[in-house]
Structures are given as structure tokens and as C-alpha cells.
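Engineer: Predicted coordinates and the sequence they were generated for:
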Amino acid sequence: MTGVARAGTGGGTARMGLVLLHGRGGSADDILRLGAALGLPDLALAAPQAPGHSWWPTSFLAPSAQMERHVAQGLAAVDAAIAALTAEGLDCGRIALAGFSQGGCLALEYAARRGGLAAVFGLSAGLVGTGDAGPTPDPALYGHAPKRFDYATDLTGLPVTITVHEQDPHIPLKRAEDSRAAFAALGANAALHVEPGPGHGLTDAGLTAMRATLNH
């Protein structure tokens with residue numbers, strides 16, 4: 001992890017904090033523009049930078065043995081970004097987490113494993129999972145085997161928003177659906193917004209949900 005970029009309100013005067021996680025090939029500076037585009041001037045923004053502009057070198061659907069080291073490094077990067085905000089007086093109950101694509105998967109994974117946040121937004125994203133559920137490839141997972149979602153975190157009342165295109169080349173609809181169900185099982189108020197047709201990108205539904213939740 002190569003540092004945490006900052007934007008938005010600082011100096012301990014922010015109403016809420018928002019940690020933003022970029023996607024593959026993106027940067028902390030890129031994703032901070034998403035925070036600015038929300039038009040909420042009382043947010044303190046923090047964005048960690050992934051080494052080599054990628055949180056992991058493969059699909060998030062890959063076997064756990066290929067993913068876990070990279071996920072652990074990503075979780076540590078999120079910890080550092082949250083620490084930058086708590087150092088200014090924001091408690092975790094006033095810090096939300098959002099990410100796009102790879103960053104969205106990491107945001108969801110952090111929330112499922114750690115909890116303690118105000119809200120989480122996985123934009124074009126799904127959970128990585130806690131382990132492999134079996135060796136049989138699933139066509140609905142683009143030929144990858146399913147994962148387990150054995151999280152033990154109490155997420156009662158946590159607002160969780162997941163978005164995905166109906167035909168996303170990177171995020172199978174099934175994984176997004178399973179992710180929403182996993183969060184609901186942990187007690188979260190989990191919503192899945194499916195954009196019709198093909199695509200992989202930010203959606204109006206996701207941005208609207210972010211504004212509504214963060215402005216609450």
C-alpha cells in the first residue's frame with residue numbers, strides 16, 4: 001500500500017467520513033472524484049492506493065489460495081484509510097466504505113469480515129468469500145467454482161448497497177445475488193440494484209443510494 005489520498009472536509013469538522021476504493025487500473029485520485037461528485041460538502045474523503053493500481057492480479061472469483069494474501073493486504077489498506085479518519089475525531093460509526101469493481105469487492109469483503117461501519121457500497125461488485133465451496137465449475141460464475149460465505153460478523157441494521165449490470169463481464173449476477181443474501185443473513189439492510197443489459201460501471205441507482213444514505 002502506497003499511502004492514503006485525502007479530499008473533502010477535514011480538520012475534524014466533517015459530519016461523516018467516506019473511504020473510497022478504486023478499481024483495477026484506477027487510482028486513489030480517480031476514485032476521490034466520485035466522492036466529490038456526490039455533492040455532499042461535509043464529507044471527509046480518504047482513498048488508499050493499491051500497489052500497481054490493482055488490489056489483486058486475478059479475478060475475484062479465483063480460488064481462495066490465489067486470493068487470500070491479496071485480500072489481507074487490501075484489508076490492511078482499508079484499515080489505514082479508516083485510521084486516517086479516526087485520527088481526526090471521526091468514530092467508525094460515522095465512516096462509510098465504498099468501492100468500484102475490484103475496490104467494490106474489497107469494500108464488501110471488509111464490511112463482511114470487520115463490520116463497525118456506517119454503510120457500505122459495492123458498485124459493480126460482489127463478495128470474495130471466505131473459502132472454496134467445492135471444485136465444480138459453475139457456468140453462472142463464469143466457469144469458476146462457488147465460494148463459502150462463512151462470516152460471523154453481526155451487521156444488524158448496516159445499510160449495504162450492491163450494484164451490478166445484468167450482463168457484467170466481470171461480476172456474475174449470481175455472485176451479486178449471493179452477496180446480498182450473505183449480508184442479509186448477517187442482519188444487514190442489504191439491497192441489490194441490477195442494471196438491465198450488459199455493462200460494467202457506475203449506475204444512477206448506485207449513486208442515488210450513496211447520496212441518500214450518506215445524507216441521512
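Structural biologist: Received it, and whenever you're ready, just let me know what you need.

Engineer: buried ones in the longest helix anywhere in the chain?
Structural biologist: In the chain, assigned by DSSP state H, the helix with the most residues is helix 64-86. Residues 64, 67, 70-71, 74-75, 77-78, 81-82, 84-85 are the ones in helix 64-86 that count as buried (16 or more other Cβ atoms under 10 Å). All C-beta spots, glycine's among them, are computed from the backbone N, C-alpha and C.

Engineer: How much space separates the residue most central in space within the chain from residue 47?
Structural biologist: Nearest residue to the geometric centre of the chain (Cα atoms, centre = their mean): residue 107, 2.3 Å. For residue 107, the distance to residue 47 equals 11 Å [Cβ to Cβ, to the nearest Å].

Engineer: three-state assignment of the residue nearest to the centre of the chain?
Structural biologist: helix (DSSP: H, G, I helix; E, B strand; the rest coil).

Engineer: On the secondary structure side, give me the element for the closest residue to it other than its chain neighbours.
Structural biologist: Counting by Cβ to Cβ, 6 or more residues apart in numbering, residue 107 lies nearest to residue 99, which is 3.7 Å off, once chain neighbours are set aside. Here residue 99, judged by DSSP states H and E, is contained in strand 95-100.

Engineer: can you list contacts of that strand?
Structural biologist: Residues outside strand 95-100 that contact it (Cβ atoms under 8 Å, 6 or more residues apart in numbering) are 16-23, 26, 31, 34, 78, 82, 85-86, 104-108, 110-111, 117-125, 202, 210, 213-214.

Engineer: Are any of the residues you listed buried, and if so which?
Structural biologist: 16-23, 26, 31, 34, 78, 82, 85, 104-108, 110-111, 117-125, 202, 210, 213-214.

Engineer: So which of these belong to strands?
Structural biologist: 16-21, 119-123 (DSSP state E).

Engineer: Kindly reformat these as JSON lines containing distance to residue 169 and pLDDT.
Structural biologist: Below are those laid out as JSON lines (distance: Cβ to Cβ, whole Å; pLDDT from 0 to 100):
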{"residue": "16", "distance to residue 169": "33", "pLDDT": "95"}
{"residue": "17", "distance to residue 169": "32", "pLDDT": "96"}
{"residue": "18", "distance to residue 169": "27", "pLDDT": "97"}
{"residue": "19", "distance to residue 169": "26", "pLDDT": "98"}
{"residue": "20", "distance to residue 169": "23", "pLDDT": "98"}
{"residue": "21", "distance to residue 169": "20", "pLDDT": "98"}
{"residue": "119", "distance to residue 169": "27", "pLDDT": "98"}
{"residue": "120", "distance to residue 169": "23", "pLDDT": "99"}
{"residue": "121", "distance to residue 169": "21", "pLDDT": "98"}
{"residue": "122", "distance to residue 169": "17", "pLDDT": "99"}
{"residue": "123", "distance to residue 169": "15", "pLDDT": "98"}
